[in-house]
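Trainee: Mind looking at a prediction? Sequence and model below.
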Amino acid sequence: MKAFRVEVRVMPRATLLDPQGQAVEHALHALGFAEVTAVRIGKHLILEVTAPSKDDAAARARAMCDRLLANPVTEDYSVLVEAA
């Protein structure tokens, strides 16, 4: 078994509203940062996963996203796996 560093990025689907992002965008405008035109807020997770191969580590990470880390109805995710 090898150790892998897995980065998971979870973001609201582009077609859905992002209330947190909108709130931050409005706050930035109120603070004088008018150049900001769009804000999307998501989650960035870094996991250390032990698995026989990089492909197995990626498959386990996708299973974690499907079952817990991402809401399949409202969020999309990406997985990046590197040797630890």
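Mentor: Right, received. Where do you want to start?
Trainee: show me the contacts for residue 1.
Mentor: With C-beta atoms under 8 Å, 6 or more residues apart in numbering as the criterion, the residues that contact residue 1 are 50, 51, 52. For glycine as for every other residue, the C-beta is placed from the backbone atoms N, C-alpha and C.
Trainee: The first one: neighbouring residues, count only.
Mentor: Residues lying near residue 50 (other C-beta atoms under 10 Å) number 12.
Trainee: so residue 38 sits right up against residue 25, yeah?
Mentor: Yes - in terms of C-beta atoms under 8 Å, residue 38 counts as a neighbour of residue 25; the distance is 6.8 Å.
Trainee: and whichever strand in the chain runs longest, what does it pack onto?
Mentor: Longest strand in the chain, counting residues (DSSP state E): strand 2-12. Strand 2-12 sits against strand 43-51, helix 54-64, strand 75-83, with contacts defined as 3 or more C-beta pairs under 8 Å, 6 or more residues apart in numbering; DSSP states H and E.
Trainee: for these, which one ends up most surrounded?
Mentor: Mean neighbour count (mean count of other C-beta atoms under 10 Å) peaks for helix 54-64 among those, with a mean of 17.
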